[in-house]
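> Any chance you can model this:
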Amino acid sequence: MTKPAAGNGRHALGFALAALAAATLPSCAPTSRPPATLDVSSVTQRYERLRDARERRLAAVRIEATAWIGGTSLGRLPAVTVDLALAGPDAVRARIGSLFGTALDLVVRGDSMSAYVPPRRVGVEIASLEESLGVRLPGAWACRALGATWRPVEARWARLEGDSLWRVAWLDGADSLAMSVGSSGLPAAVELHAAGGRRLTVRYAAWSWSSGLPWPSRCELEEGDGAYRAELRLDRVSFPTEPDPRWMALAIPPDAERLDWNALRRALARLGGAQ
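Below is the predicted model of the structure:
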């Protein structure tokens, strides 16, 4: 009996190994799978859980911020420091600083506003700010904007085509709102169309973690097509145990000149000269 040549044996073994590899490779090769579908319920629940956590902190918040204020009606004003105090759900105090102290001290509580401009010794008190500003319950709106605690009611969520954002729209009284939310559950932007025609947009350009929860770290507020614009960088956010009653205690000196809303807006437009 003739022995097979050694070379033939090696060829046969190589062929067998190649055939075995060919049979097993398809089962070992990684399978291309599409990413898991993110359904609207998971985004909604994530947003509501994080929103509720921020809302619980909204009763007492202190914020040190830097602001860039401008717009087509104001031009570009120098950067200013802003000391913010929130006593949710509807009270906000903002002290805008200058090189010589406070340039503007403003308190909005519910639908009323008190403001004092120390460099010009002028003040204003408005009992119904909604009529002048065109925003329903402006104190509550400011708290929601700074804390991103928007509450869509009976709203429909939809995925934005070609984007990773979800959109939800709802009615708040006669106002209409629309919000875009990322898959993380954090808002990207909110747009308000007020019944009186005013349009306000809040964009959340960046987020950071403060005391264990995500909080906006950079916000952009814009009126209409950019007539008034404010960019806020939230440099430091803290959450005291409870609000201090002195936060919202703004006393306008009795000898200060009193302005109406339109005169105050003109004074604010000239604040750049007080820096």
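
> so how far is Val92 from the residue nearest to the spatial centre of the chain?
Central residue check for the chain by CA atoms, centre = their mean: the C-alpha nearest the mean position is that of Tyr204, 3.5 Å away. As defined by CB to CB, to the nearest Å, Tyr204 lies at a distance of 18 Å from Val92. (Each C-beta comes from the backbone N, C-alpha and C, glycine too.)

> just Thr44 next, same as before
Counting by CB to CB, the separation of Thr44 from Val92 is 28 Å.

> One more: Ala115?
Ala115 is 12 Å from Val92, where distance means CB to CB.

> Just the strands from the stretch 1-150 of the chain, written as ranges.
Secondary structure of the stretch 1-150 of the chain (DSSP state E, counting those that start in this stretch): strands at 61-71, 75-76, 80-87, 91-98, 101-109, 112-117, 122-126.

> picking up where we left off before, who has more neighbours out of Thr44 and Val92?
Val92 (26 against 17; other CB atoms under 10 Å).

> Burial check on the residue lying closest to the more buried one once chain neighbours are set aside, number of neighbours?
Nearest residue to Val92, sequence neighbours excluded (CB to CB, 6 or more residues apart in numbering): Ala142, at 4.5 Å. A count of nearby residues for Ala142, using other CB under 10 Å, gives 20.

> Verify the stated contact: Ala142 with Arg93.
No - with contact defined as CB atoms under 8 Å, Ala142 does not reach Arg93; the gap is 10.2 Å.

> Spit out the residues that contact these two alike.
With contacts defined as CB atoms under 8 Å, 6 or more residues apart in numbering, the residues shared by Ala142 and Arg93 are Val108.

> Overlap of the contact sets of Ala115 and Val92?
Shared contacts of Ala115 and Val92 (CB under 8 Å, 6+ apart): Val107.

> which stretches of this protein have low pLDDT?
With pLDDT under 70 as the threshold, the chain has low-confidence stretches at 1-38, 162, 267-275.

> hang on, the earlier thing: between the strands of the stretch 1-150 of the chain, which gets nearest to Ala256?
strand 122-126 (4.5 Å; CB to CB).

> ok so Leu232 is a strand residue?
Yes - looking at Leu232 with DSSP: H, G, I helix; E, B strand; the rest coil, it is inside a strand.

> What's the local residue count around the nearest residue to it once chain neighbours are set aside?
Computed as CB to CB, 6+ apart, the closest residue to Leu232 that is not its neighbour in sequence is Cys219, at 4.6 Å. Using other CB under 10 Å, Cys219 has 20 neighbouring residues.

> Now do the same contact list for Cys219.
If a contact means CB under 8 Å, 6+ apart, then Cys219 has 145-146, 202-205, 231-232, 234 as its contacts.

> Specify which member of those residues is nearest to Pro214.
Nearest member of these to Pro214, counting by CB to CB, is Tyr204, at 10.0 Å.

> Would you confirm that Asp90 contacts Gly110?
Yes - shown here, Asp90 and Gly110 form a contact pair, counting by CB under 8 Å, at 4.9 Å.

> the more surrounded of those two?
With neighbours defined as other CB under 10 Å, Asp90 and Gly110 compare such that Asp90 has more, 19 against 14.

> what's the spacing between the more buried one and Pro187?
Asp90 is 20 Å from Pro187, where distance means CB to CB.

> circling back to that earlier point, format the CA atom coordinates belonging to the helix or strand the residue nearest to Leu232 falls within as PDB.
Cys219 is part of strand 213-223, with elements assigned from DSSP states H and E. Coordinates of each C-alpha in strand 213-223 appear next as PDB, following Å, rounded to 0.1, in the frame of the first residue of the first chain:
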ATOM      1  CA  LEU A 213     -28.600  67.200  40.700                       C
ATOM      2  CA  PRO A 214     -28.200  68.700  37.300                       C
ATOM      3  CA  TRP A 215     -28.800  72.500  37.100                       C
ATOM      4  CA  PRO A 216     -28.500  74.900  34.200                       C
ATOM      5  CA  SER A 217     -25.000  76.400  34.100                       C
ATOM      6  CA  ARG A 218     -25.500  78.600  31.000                       C
ATOM      7  CA  CYS A 219     -28.800  80.100  29.900                       C
ATOM      8  CA  GLU A 220     -29.700  82.400  27.000                       C
ATOM      9  CA  LEU A 221     -32.900  84.400  27.200                       C
ATOM     10  CA  GLU A 222     -34.100  86.200  24.100                       C
ATOM     11  CA  GLU A 223     -37.200  88.400  23.400                       C
END
